[in-house]
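Engineer: can't give you the sequence, but here's the structure:
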């Protein structure tokens, strides 16, 4: 089983982005959460397919929003 740890600052940023998009266009914040979930699922299922950005740290792009999921897979 894969353990996922979302840092408090990242969680806060995601929630703030959700609120920002929801205020401007209801429903778009939920689309952000869906896009985040898809990027997270890809990172879990295929971490080697995600580009390295430093050492073991990799990134998974959100496809519909200007955000990047940064993660470090554990061996």
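Structural biologist: Now that the structure is in, tell me what you want to look at. The structure displayed is predicted, hence computed values, not measured ones. Residues are numbered from 1 along each chain as shown.
Engineer: Once you drop chain neighbours, what's closest to residue 68?
Structural biologist: In this structure, residue 68 finds its nearest non-sequential neighbour in residue 59, 4.9 Å apart by CB to CB, 6 or more residues apart in numbering. Using the backbone N, CA and C atoms, a C-beta is placed for each residue, glycine as well.
Engineer: Please, which helix or strand holds the one you found?
Structural biologist: strand 57-61 (DSSP states H and E).
Engineer: Report how many residues lie close to the residue nearest to residue 68.
Structural biologist: Residues contacting residue 59 under the criterion other CB atoms under 10 Å number 15.
Engineer: So what touches the helix or strand hosting residue 9?
Structural biologist: Using DSSP H and E, residue 9 sits in helix 8-24. For helix 8-24, the external contacting residues (CB atoms under 8 Å, 6 or more residues apart in numbering) are 6, 28, 29, 30, 31, 32, 33, 36, 65, 67.
Engineer: Now compare the residues you listed and name the two farthest from each other.
Structural biologist: 6 and 28 (21.0 Å; CB to CB).
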